[in-house]
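Asks: Fold the following, please.
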Amino acid sequence: MEKKFTALRTISVIFKVIAWIIAAFTIIGFFGMLVGGAALSQLGRQYGSQFNMMGPMWGVLMAFYLLIVGAISFISFLAGAEMIMVFLAIEENTRAVRPQA
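Replies: Okay, here's the model as predicted:
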């Protein structure tokens with residue numbers, strides 16, 4: 001049986017690749033923000049002034065915010081890719097069951 005809708009299959013693969021890129025950058029950003037928050041805390045102690053209000057908890061909160069937003073984005077892109085594949089599978093199964101005229 002011939003495969004139809006190759007553009008949708010390509011879009012599904014692109015969505016999956018984007019989802020995994022988002023996941024990788026989210027993990028890197030999470031750990032980077034944890035380290036950056038600690039560094040900002042040290043900078044606040046050293047120089048005082050406007051950096052004083054940004055303690056280590058600010059970096060931790062921003063790191064977890066980044067983790068949550070990245071996870072939602074990852075799941076959304078992956079679900080979109082899988083939804084396209086489900087629609088294509090439904091179409092293929094419907095076409096396979098249909099009696100030939």
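Asks: So which residues of the chain form helices?
Replies: 6-47, 56-97 (DSSP state H).
Asks: looking at those helices, which has the lowest confidence?
Replies: Per-stretch mean pLDDT for the helices of the chain is lowest at helix 6-47 (a mean of 88).
Asks: Verify the stated contact: Ala81 with Thr10.
Replies: No - using C-beta atoms under 8 Å, Ala81 is not in contact with Thr10; the gap is 10.9 Å. Yep, even glycine has a C-beta here, placed from its N, CA and C like the rest.
Asks: quick one: contacts for the residue most central in space within the chain?
Replies: Centrality entry for the chain: nearest residue to the mean C-alpha point is Phe74, 2.4 Å, by C-alpha atoms, centre = their mean. Going by C-beta atoms under 8 Å, 6 or more residues apart in numbering, Phe74 touches 19-20, 22-23, 26.
Asks: just Ile18 next, same as before
Replies: Phe77.
Asks: List just the nearest of the contacts of Phe74 to Pro56.
Replies: Thr26 (20.8 Å; C-beta to C-beta).
Asks: What sits closest to that closest one if chain neighbours are left out?
Replies: Once flanking residues are discounted, Thr26 sits nearest to Gly70: 2.7 Å by C-beta to C-beta, 6 or more residues apart in numbering.
Asks: ditto for Ala23
Replies: Ala23 sits nearest to Phe74 (C-beta to C-beta, 6+ apart), 4.6 Å away.
Asks: quick one: that neighbour from Leu8, how far?
Replies: Counting by C-beta to C-beta, to the nearest Å, the gap from Phe74 to Leu8 is 21 Å.
Asks: With Gly32 instead?
Replies: As judged by C-beta to C-beta, Gly32 and Leu8 stand 35 Å apart.
Asks: now do Ala71
Replies: From Ala71 to Leu8 the distance is 26 Å (C-beta to C-beta).
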